[in-house]
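>>> heads up, no residue letters with this:
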């Protein structure tokens, strides 16, 4: 009952603040970024209030394996425990091994996924694919249109003419049941589905992820590179505002970051995400949680986008430099004045041109990656 009244209070309080900022941001000198429009300033504040509210009530994003309003765009992927290892005399090799089996109670399960911009024709074999992982902090949102982050994969699919499959990976909402490695198990399930069921060559598969989804892409590449070479490496990785540092020190510093007023990501949200995703007794410095400082040489080229107005900007830039210094092919794109994950929120923020510029650069990047 107390939670119910707290929810009502939060909603009323948030509405009052929206009205206040609707008026407050009319003069340009009151806006968080002098280059921002009234719409960008207001939407940033509204999204910040939304995330705060969901953090406060520990909102559980609905997850279902029913198609719902997505219709034929929605599919269910079942885990496959073995894959043919052509480098080992066509013998079968385990798909989930090493770190992905570290917690026996967390096992691969069927997951959902959504096609963007449309479901492909069942009669035409796919030649290439982008597997996308939505932003989440590992605790919020999903790939469906109702989750509010479908504009990015839709627009990217339209511009690139690459089909995009956005994965409904498990969120860490049940401690010791859906912590790491649940999400990366689901990510690997989607990758093996593309390889084995859709029969798409690895060199024609691109991994793409926003925020926590970007963390998943790095984790997948690390897992294949270091723990399961039976899986082939993909053509490229696209990291959109990736979350690369789950250490307590980093998270506590978000609210005092110089970009705190120009972003909607805050300490409370990231604390919830890290505490939920990292299994009990595991170090926050583990490379699967904090890739920053644990960089490695990868044969998978990486396109990395960072908004210059987001609180994760410094970590992203440093990670890109470190990976490049390790010998990885990295292209870093700094999206001018953009907040977190402009890839998917560009339209609602009134920053469509900035988001699409990033899309176009990434499309050129994966084209070049295929030529190497």
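Structure's in. What do you need? Because the structure is a prediction, the values reported are computed rather than measured.
>>> From here on, just use CA atoms for contacts and neighbour counts.
Will do.
>>> Tell me the secondary structure of the residue positioned nearest the centre of the chain, please.
Nearest residue to the geometric centre of the chain (Cα atoms, centre = their mean): residue 213, 2.0 Å. Classification of residue 213 using DSSP: H, G, I helix; E, B strand; the rest coil returns helix.
>>> For it, which residues are in contact?
Shown in contact with residue 213 (Cα atoms under 8 Å, 6 or more residues apart in numbering): 132-136, 242.
>>> Pick the one among the residues you listed closest to residue 351.
When the contacts of residue 213 are compared for distance to residue 351 (Cα to Cα), residue 135 wins out at 18.0 Å.
>>> wait, doesn't that closest one sit right on residue 144?
No. Taking Cα atoms under 8 Å as the definition, residue 135 is not a contact partner of residue 144, at 12.0 Å.
>>> per-residue confidence at residue 285?
pLDDT, residue 285: 98.
>>> and residue 111, what does it touch?
Under the criterion of Cα under 8 Å, 6+ apart, the neighbours of residue 111 are 65, 76-78, 167-170, 186.
>>> go again using 6 Å as the cut-off
By Cα atoms under 6 Å, 6 or more residues apart in numbering, the contact set of residue 111 is 76-77.
>>> and the gap between it and residue 273?
Applying Cα to Cα, to the nearest Å, the value for residue 111 to residue 273 is 20 Å.
>>> same deal with residue 229?
Distance from residue 229 to residue 273, by Cα to Cα: 29 Å.
>>> what does residue 284 give?
Counting by Cα to Cα - residue 284 and residue 273 are separated by 12 Å.
>>> Low-confidence bits of this protein, can you list those?
1-16, 86-90, 372 (pLDDT under 70).
>>> How is residue 166 classified with respect to secondary structure?
strand.
>>> To what extent is it buried, counted in neighbours?
Using other Cα atoms under 10 Å, residue 166 has 26 other residues around it.
>>> looking at it, it is touching residue 113, isn't it?
Yes. Applying Cα atoms under 6 Å as the test, residue 166 and residue 113 come out as touching, 5.4 Å apart.
>>> Tell me where this protein has helices.
Ranges of helices in the chain, per DSSP state H, are 2-24, 38-57, 151-160, 182-192, 212-226, 248-252, 267-277, 313-325, 342-345, 352-371.
>>> Now do the buried residues in the third one.
Of the residues in helix 151-160, those buried under the neighbour-count criterion (16 or more other Cα atoms under 10 Å) are 151-157, 160.
>>> how far off helix 352-371 does that helix point, in degrees?
Put simply, helix 151-160 runs at 60 degrees to helix 352-371, going by axes from the mean of the first three to the mean of the last three Cα atoms, to 10 degrees.
>>> repeat for the fourth one
Between the axes of helix 182-192 and helix 352-371, defined by the same axes, to 10 degrees, the angle is 60 degrees.
>>> Could you tell me the angle between helix 182-192 and helix 267-277?
Helix 182-192 runs at 70 degrees relative to helix 267-277, counting by the same axes, to 10 degrees.
>>> who's in contact with helix 182-192?
Residues outside helix 182-192 that contact it (Cα under 6 Å, 6+ apart): 79, 108, 169-170.
>>> Please name the bridge partners of the closest residue to the residue nearest to the centre of the chain other than its chain neighbours.
Excluding the flanking residues, the one nearest residue 213 by Cα to Cα, 6 or more residues apart in numbering is residue 133, at 4.5 Å. Beta-bridge pairing of residue 133 under DSSP bridges involves residue 167, residue 209.
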